[in-house]
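Enquirer: Quick one, fold the following:
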Amino acid sequence: MGFKFGMHVGVQYVSYQDLKRLWQMADKQGFEFVSTWDHFYADPAPDEGGPCFEAISMLASLANVTKNVRIGALALCVGYRHPTVIANAAASIDHISGGRFELGLGAGWLETEYNDYCIEFPPIGTRLDMLEESVQIIDSMLTNKTTSFSGNHFSVHNAKCDPKPVQEHLPIWICGGGEKRTLKLAAKYADAWNVPYISPEDYKHKISVLKSWCEKEQRDPDKIFRTVNVGFYMGSSEQDALRKQDEFETLYGERVKTQGPGMLLGTKDKAIDRISKYIDAGAEGLNIVVRAPFDWESIQIFQEDVIPAFK
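Expert: As a prediction, the model looks like this:
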(Lines give C-alpha, C1' and ligand atoms only; values in the text may rest on other atoms or scores of the structure.)
Protein backbone atom coordinates (compact mmCIF):
# COMPACT_ATOMS: atom_id res chain seq x y z
CA MET A 1 0.00 0.00 0.00
CA GLY A 2 1.51 3.33 -1.06
CA PHE A 3 1.45 6.47 1.02
CA LYS A 4 -1.97 8.11 0.76
CA PHE A 5 -2.76 11.81 0.69
CA GLY A 6 -6.03 13.25 1.86
CA MET A 7 -7.68 16.63 2.25
CA HIS A 8 -9.56 17.52 5.44
CA VAL A 9 -11.88 20.42 4.70
CA GLY A 10 -13.40 22.94 7.07
CA VAL A 11 -17.01 23.74 6.27
CA GLN A 12 -17.03 27.14 8.00
CA TYR A 13 -16.88 30.67 6.52
CA VAL A 14 -17.24 29.31 3.00
CA SER A 15 -19.85 29.09 0.27
CA TYR A 16 -21.23 25.77 -0.85
CA GLN A 17 -20.02 26.58 -4.37
CA ASP A 18 -16.41 26.84 -3.17
CA LEU A 19 -16.72 23.61 -1.19
CA LYS A 20 -17.99 21.80 -4.26
CA ARG A 21 -15.19 23.27 -6.39
CA LEU A 22 -12.56 22.17 -3.85
CA TRP A 23 -13.95 18.64 -3.48
CA GLN A 24 -14.04 18.14 -7.23
CA MET A 25 -10.53 19.56 -7.55
CA ALA A 26 -9.30 16.96 -5.05
CA ASP A 27 -11.26 14.23 -6.83
CA LYS A 28 -9.44 14.81 -10.12
CA GLN A 29 -5.79 14.57 -9.12
CA GLY A 30 -3.52 13.25 -6.41
CA PHE A 31 -5.77 12.96 -3.38
CA GLU A 32 -7.24 9.62 -2.36
CA PHE A 33 -9.32 10.75 0.61
CA VAL A 34 -11.46 13.81 1.41
CA SER A 35 -13.02 14.41 4.82
CA THR A 36 -14.89 17.05 6.78
CA TRP A 37 -15.02 17.82 10.47
CA ASP A 38 -18.04 17.88 12.75
CA HIS A 39 -18.33 21.30 14.37
CA PHE A 40 -20.98 23.95 14.80
CA TYR A 41 -18.26 26.61 15.07
CA ALA A 42 -14.77 26.98 13.68
CA ASP A 43 -11.90 26.65 16.11
CA PRO A 44 -9.91 28.82 16.21
CA ALA A 45 -12.44 31.33 14.95
CA PRO A 46 -12.29 34.97 13.89
CA ASP A 47 -14.02 37.29 16.34
CA GLU A 48 -16.84 38.10 13.94
CA GLY A 49 -17.85 34.47 13.47
CA GLY A 50 -19.57 33.31 10.30
CA PRO A 51 -21.60 30.57 8.63
CA CYS A 52 -21.03 26.89 9.32
CA PHE A 53 -22.48 23.96 7.40
CA GLU A 54 -23.63 20.78 9.17
CA ALA A 55 -21.34 17.76 8.81
CA ILE A 56 -23.60 14.85 7.84
CA SER A 57 -25.48 16.78 5.17
CA MET A 58 -22.15 18.00 3.76
CA LEU A 59 -20.81 14.44 3.70
CA ALA A 60 -23.84 13.36 1.68
CA SER A 61 -23.15 16.18 -0.77
CA LEU A 62 -19.43 15.32 -0.90
CA ALA A 63 -20.40 11.75 -1.73
CA ASN A 64 -22.65 12.93 -4.53
CA VAL A 65 -20.29 15.35 -6.28
CA THR A 66 -17.17 13.13 -6.31
CA LYS A 67 -16.44 9.85 -8.06
CA ASN A 68 -12.96 8.67 -7.14
CA VAL A 69 -11.82 9.66 -3.66
CA ARG A 70 -12.67 7.81 -0.50
CA ILE A 71 -14.67 10.14 1.76
CA GLY A 72 -15.10 10.38 5.48
CA ALA A 73 -15.67 12.24 8.69
CA LEU A 74 -12.77 13.01 11.00
CA ALA A 75 -14.62 12.76 13.21
CA LEU A 76 -18.34 12.67 13.98
CA CYS A 77 -18.82 13.53 17.64
CA VAL A 78 -20.71 10.81 19.53
CA GLY A 79 -22.00 13.41 21.97
CA TYR A 80 -24.04 15.18 19.30
CA ARG A 81 -26.04 12.25 17.92
CA HIS A 82 -27.27 8.88 19.13
CA PRO A 83 -25.16 6.06 17.65
CA THR A 84 -28.18 4.63 15.84
CA VAL A 85 -28.54 7.92 13.97
CA ILE A 86 -24.84 7.86 13.04
CA ALA A 87 -25.06 4.25 11.84
CA ASN A 88 -28.01 4.95 9.56
CA ALA A 89 -26.37 8.10 8.21
CA ALA A 90 -23.16 6.18 7.48
CA ALA A 91 -25.00 3.47 5.56
CA SER A 92 -26.95 6.05 3.56
CA ILE A 93 -23.84 8.04 2.66
CA ASP A 94 -22.10 4.83 1.62
CA HIS A 95 -24.90 4.22 -0.88
CA ILE A 96 -24.71 7.77 -2.21
CA SER A 97 -20.94 7.39 -2.68
CA GLY A 98 -21.13 3.95 -4.25
CA GLY A 99 -19.20 2.35 -1.39
CA ARG A 100 -16.54 5.00 -0.69
CA PHE A 101 -17.45 6.12 2.83
CA GLU A 102 -15.29 5.73 5.95
CA LEU A 103 -16.65 6.66 9.38
CA GLY A 104 -14.49 8.53 11.85
CA LEU A 105 -15.66 8.74 15.46
CA GLY A 106 -14.46 10.96 18.28
CA ALA A 107 -15.32 11.70 21.90
CA GLY A 108 -15.80 15.45 21.34
CA TRP A 109 -13.85 18.28 22.91
CA LEU A 110 -15.04 21.78 21.95
CA GLU A 111 -16.88 22.76 25.12
CA THR A 112 -18.17 26.05 23.67
CA GLU A 113 -20.33 24.14 21.20
CA TYR A 114 -21.80 21.89 23.87
CA ASN A 115 -22.59 24.84 26.12
CA ASP A 116 -24.15 27.03 23.44
CA TYR A 117 -26.30 24.17 22.14
CA CYS A 118 -27.20 23.08 25.71
CA ILE A 119 -25.73 19.63 25.14
CA GLU A 120 -24.30 18.11 28.31
CA PHE A 121 -20.49 18.22 28.36
CA PRO A 122 -19.44 15.41 30.71
CA PRO A 123 -15.89 14.76 31.92
CA ILE A 124 -13.47 13.25 29.42
CA GLY A 125 -13.70 9.79 30.99
CA THR A 126 -17.47 9.77 30.47
CA ARG A 127 -17.12 11.02 26.89
CA LEU A 128 -14.69 8.21 26.15
CA ASP A 129 -17.12 5.71 27.69
CA MET A 130 -19.75 7.09 25.33
CA LEU A 131 -17.34 6.65 22.41
CA GLU A 132 -16.70 3.02 23.31
CA GLU A 133 -20.41 2.24 23.59
CA SER A 134 -21.11 4.07 20.34
CA VAL A 135 -18.54 2.22 18.27
CA GLN A 136 -19.90 -1.14 19.44
CA ILE A 137 -23.47 -0.20 18.57
CA ILE A 138 -22.56 1.32 15.21
CA ASP A 139 -20.35 -1.57 14.14
CA SER A 140 -23.10 -4.04 15.02
CA MET A 141 -25.80 -2.06 13.23
CA LEU A 142 -23.71 -1.83 10.06
CA THR A 143 -23.11 -5.59 10.17
CA ASN A 144 -25.93 -7.46 11.88
CA LYS A 145 -29.62 -7.82 11.08
CA THR A 146 -30.62 -6.39 14.47
CA THR A 147 -28.70 -4.88 17.37
CA SER A 148 -29.45 -4.96 21.08
CA PHE A 149 -27.12 -3.26 23.53
CA SER A 150 -27.50 -2.02 27.08
CA GLY A 151 -24.93 0.51 28.23
CA ASN A 152 -24.58 3.27 30.77
CA HIS A 153 -25.11 5.97 28.13
CA PHE A 154 -26.73 4.33 25.09
CA SER A 155 -29.12 1.42 24.79
CA VAL A 156 -30.90 -0.14 21.80
CA HIS A 157 -33.33 -3.02 21.45
CA ASN A 158 -33.61 -4.93 18.18
CA ALA A 159 -32.44 -1.82 16.31
CA LYS A 160 -32.22 -2.19 12.54
CA CYS A 161 -30.08 -0.44 9.95
CA ASP A 162 -31.44 -1.20 6.50
CA PRO A 163 -30.07 -1.00 3.88
CA LYS A 164 -26.64 -2.09 4.98
CA PRO A 165 -23.62 -0.30 3.48
CA VAL A 166 -22.55 -1.08 -0.07
CA GLN A 167 -19.16 -2.16 1.24
CA GLU A 168 -18.88 -5.56 2.85
CA HIS A 169 -17.12 -3.79 5.72
CA LEU A 170 -17.38 -0.03 6.18
CA PRO A 171 -14.11 1.15 7.82
CA ILE A 172 -14.39 2.77 11.23
CA TRP A 173 -11.77 5.25 12.42
CA ILE A 174 -11.01 6.27 15.99
CA CYS A 175 -9.67 9.82 16.14
CA GLY A 176 -7.54 11.41 18.82
CA GLY A 177 -4.25 11.02 20.60
CA GLY A 178 -5.11 10.25 24.23
CA GLU A 179 -2.72 7.52 25.33
CA LYS A 180 -4.71 6.01 28.21
CA ARG A 181 -8.08 5.52 26.52
CA THR A 182 -8.30 6.76 22.93
CA LEU A 183 -5.37 4.74 21.61
CA LYS A 184 -6.62 1.74 23.56
CA LEU A 185 -10.01 2.09 21.82
CA ALA A 186 -8.24 2.40 18.47
CA ALA A 187 -6.30 -0.78 19.16
CA LYS A 188 -9.47 -2.61 20.15
CA TYR A 189 -11.98 -1.42 17.56
CA ALA A 190 -10.54 0.70 14.76
CA ASP A 191 -9.76 -0.03 11.13
CA ALA A 192 -7.93 3.31 10.98
CA TRP A 193 -6.59 5.92 13.40
CA ASN A 194 -5.98 9.64 12.97
CA VAL A 195 -4.51 12.35 15.15
CA PRO A 196 -4.15 16.06 14.27
CA TYR A 197 -1.54 18.77 14.68
CA ILE A 198 1.42 17.00 16.25
CA SER A 199 5.07 16.85 15.25
CA PRO A 200 6.63 13.82 13.57
CA GLU A 201 8.48 13.08 16.80
CA ASP A 202 5.28 13.08 18.85
CA TYR A 203 3.54 11.07 16.15
CA LYS A 204 6.22 8.39 16.37
CA HIS A 205 5.66 8.19 20.12
CA LYS A 206 1.88 7.88 19.66
CA ILE A 207 2.39 4.97 17.28
CA SER A 208 4.58 3.21 19.84
CA VAL A 209 1.78 3.59 22.40
CA LEU A 210 -0.78 2.34 19.88
CA LYS A 211 1.35 -0.71 19.18
CA SER A 212 1.68 -1.47 22.88
CA TRP A 213 -2.12 -1.35 23.22
CA CYS A 214 -2.43 -3.62 20.18
CA GLU A 215 -0.17 -6.13 21.89
CA LYS A 216 -2.37 -6.06 25.00
CA GLU A 217 -5.52 -6.40 22.89
CA GLN A 218 -3.92 -9.18 20.81
CA ARG A 219 -4.43 -7.11 17.67
CA ASP A 220 -2.09 -6.86 14.69
CA PRO A 221 -1.07 -3.15 14.55
CA ASP A 222 -0.59 -3.43 10.80
CA LYS A 223 -4.36 -3.91 10.49
CA ILE A 224 -4.87 -0.29 11.64
CA PHE A 225 -4.27 2.34 8.95
CA ARG A 226 -2.35 5.23 10.53
CA THR A 227 -2.76 8.86 9.39
CA VAL A 228 -2.01 12.36 10.60
CA ASN A 229 -3.73 15.70 9.95
CA VAL A 230 -1.50 18.72 9.36
CA GLY A 231 -2.57 22.32 9.00
CA PHE A 232 -2.05 23.64 5.48
CA TYR A 233 -0.20 26.95 5.45
CA MET A 234 2.17 26.20 2.58
CA GLY A 235 2.96 29.21 0.39
CA SER A 236 3.28 29.38 -3.37
CA SER A 237 6.48 31.46 -3.00
CA GLU A 238 8.86 32.51 -0.24
CA GLN A 239 6.98 35.77 0.20
CA ASP A 240 3.64 34.01 0.24
CA ALA A 241 4.98 31.49 2.77
CA LEU A 242 5.91 34.32 5.14
CA ARG A 243 2.44 35.79 4.75
CA LYS A 244 0.86 32.40 5.50
CA GLN A 245 2.98 31.99 8.62
CA ASP A 246 1.83 35.39 9.87
CA GLU A 247 -1.75 34.39 9.11
CA PHE A 248 -1.35 31.17 11.09
CA GLU A 249 0.28 32.88 14.08
CA THR A 250 -2.40 35.58 14.19
CA LEU A 251 -5.26 33.07 14.09
CA TYR A 252 -3.83 30.57 16.58
CA GLY A 253 -2.29 32.98 19.12
CA GLU A 254 -0.93 31.14 22.15
CA ARG A 255 -1.78 27.80 20.54
CA VAL A 256 1.09 28.30 18.07
CA LYS A 257 3.38 26.78 20.70
CA THR A 258 1.44 23.53 20.91
CA GLN A 259 -0.01 23.17 17.41
CA GLY A 260 2.68 24.87 15.34
CA PRO A 261 4.71 21.63 15.02
CA GLY A 262 1.69 20.08 13.28
CA MET A 263 1.51 22.63 10.45
CA LEU A 264 2.90 22.59 6.91
CA LEU A 265 4.70 25.93 6.62
CA GLY A 266 7.13 27.28 4.07
CA THR A 267 7.21 26.43 0.37
CA LYS A 268 6.80 23.08 -1.38
CA ASP A 269 10.38 21.92 -0.68
CA LYS A 270 9.93 22.38 3.06
CA ALA A 271 6.56 20.61 2.86
CA ILE A 272 8.14 17.62 1.12
CA ASP A 273 10.83 17.42 3.79
CA ARG A 274 8.25 17.64 6.58
CA ILE A 275 6.02 14.96 5.08
CA SER A 276 9.05 12.66 4.73
CA LYS A 277 9.57 12.93 8.48
CA TYR A 278 5.98 11.80 9.13
CA ILE A 279 6.56 8.81 6.86
CA ASP A 280 9.74 7.97 8.75
CA ALA A 281 7.74 8.22 11.99
CA GLY A 282 5.30 5.58 10.75
CA ALA A 283 2.46 7.45 9.06
CA GLU A 284 0.74 5.65 6.19
CA GLY A 285 -1.31 8.67 5.16
CA LEU A 286 -1.40 12.43 5.63
CA ASN A 287 -4.32 14.82 5.30
CA ILE A 288 -3.81 18.53 4.74
CA VAL A 289 -6.33 20.58 6.72
CA VAL A 290 -7.74 23.27 4.45
CA ARG A 291 -9.67 26.25 5.82
CA ALA A 292 -11.47 29.01 3.94
CA PRO A 293 -10.62 31.25 2.24
CA PHE A 294 -9.02 28.54 0.12
CA ASP A 295 -5.65 29.24 -1.48
CA TRP A 296 -6.31 27.64 -4.83
CA GLU A 297 -2.80 28.25 -6.16
CA SER A 298 -1.03 26.61 -3.21
CA ILE A 299 -3.42 23.65 -3.25
CA GLN A 300 -2.71 23.15 -6.95
CA ILE A 301 1.05 23.28 -6.32
CA PHE A 302 0.59 20.67 -3.60
CA GLN A 303 -1.28 18.45 -6.07
CA GLU A 304 1.15 18.91 -8.93
CA ASP A 305 4.52 19.07 -7.16
CA VAL A 306 4.31 17.72 -3.61
CA ILE A 307 2.14 14.61 -3.93
CA PRO A 308 4.07 13.24 -6.97
CA ALA A 309 7.30 13.42 -4.96
CA PHE A 310 6.00 10.46 -2.94
CA LYS A 311 4.67 8.32 -5.79
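
Enquirer: hey, let's count contacts and neighbours off CA atoms from now on
Expert: Fine.

Enquirer: so who does the nearest residue to Tyr278 once chain neighbours are set aside touch?
Expert: Of all residues beyond its chain neighbours, the one nearest Tyr278 is Pro200 (4.9 Å), with distances taken as Cα to Cα, 6 or more residues apart in numbering. If a contact means Cα atoms under 8 Å, 6 or more residues apart in numbering, then Pro200 has Gly262, Lys277, Tyr278, Ala281 as its contacts.

Enquirer: would TSV of those with neighbour count, pLDDT and distance to Gln17 be doable?
Expert: Shown next, in TSV, are the contacts of Pro200 (neighbours: other Cα atoms under 10 Å; pLDDT from 0 to 100; distance: Cα to Cα, whole Å):
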residue	neighbour count	pLDDT	distance to Gln17
Gly262	21	96	29
Lys277	17	98	35
Tyr278	22	98	33
Ala281	19	98	37
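
Enquirer: so where do the strands sit in the stretch 51-200 of the chain?
Expert: 70-77, 101-106, 147-150, 155-159, 172-175, 192-196 (DSSP state E, counting those that start in this stretch).

Enquirer: for the second one, packing partners?
Expert: Put plainly, it is strand 101-106. Counting contacts by 3 or more Cα pairs under 8 Å, 6 or more residues apart in numbering; DSSP states H and E, strand 101-106 packs against strand 70-77, helix 83-97, helix 124-143, strand 172-175.

Enquirer: Show me what that strand pairs with in its sheet, parallel or antiparallel.
Expert: Strand 101-106 has its sheet partners listed here by DSSP bridges as strand 70-77 (parallel), strand 172-175 (parallel).

Enquirer: Let's see the pLDDT reported for Pro51.
Expert: At Pro51 the predicted local distance difference test score is 86.

Enquirer: Let me see the contact set for it.
Expert: When the contact criterion is Cα under 8 Å, 6+ apart, the partners of Pro51 are Gln12, Tyr13, Val14.

Enquirer: So which of these wins on neighbours?
Expert: The most neighbours of any of the contacts of Pro51, using other Cα atoms under 10 Å, belong to Gln12, which has 24 neighbours.

Enquirer: dump the residue contacts of that one.
Expert: Tyr41, Ala42, Gly50, Pro51, Cys52, Phe53, Arg291, Ala292.

Enquirer: do that again at 6 Å, thanks
Expert: The neighbours of Gln12, taking Cα atoms under 6 Å, 6 or more residues apart in numbering as the test, are Pro51, Cys52.

Enquirer: The contacts of Pro200: which two are farthest apart?
Expert: With Cα to Cα as the measure, no two of the contacts of Pro200 lie farther apart than Gly262 and Ala281, at 13.4 Å.

Enquirer: for the stretch 201-311 of the chain, what spans make up the helices?
Expert: Counting by DSSP state H, counting those that start in this stretch, the stretch 201-311 of the chain forms helices over residues 238-252, 256-259, 268-281, 296-301, given from the N-terminal end onward.

Enquirer: Val228 is nearest to which of the ones you listed?
Expert: The nearest among these, by Cα to Cα, is helix 268-281 at 8.1 Å.

Enquirer: distance between the closest one and the chain's centre?
Expert: Centroid displacement of helix 268-281 relative to its chain, using Cα atoms, centre = their mean, to the nearest Å, is 20 Å.

Enquirer: Can you give me the buried ones in it?
Expert: Lys268, Ala271, Ile272, Arg274, Ile275, Lys277, Tyr278, Ile279, Ala281 (16 or more other Cα atoms under 10 Å).

Enquirer: How about the contacts made by the third one?
Expert: If a contact means Cα under 6 Å, 6+ apart, then Ile272 has no contacts.
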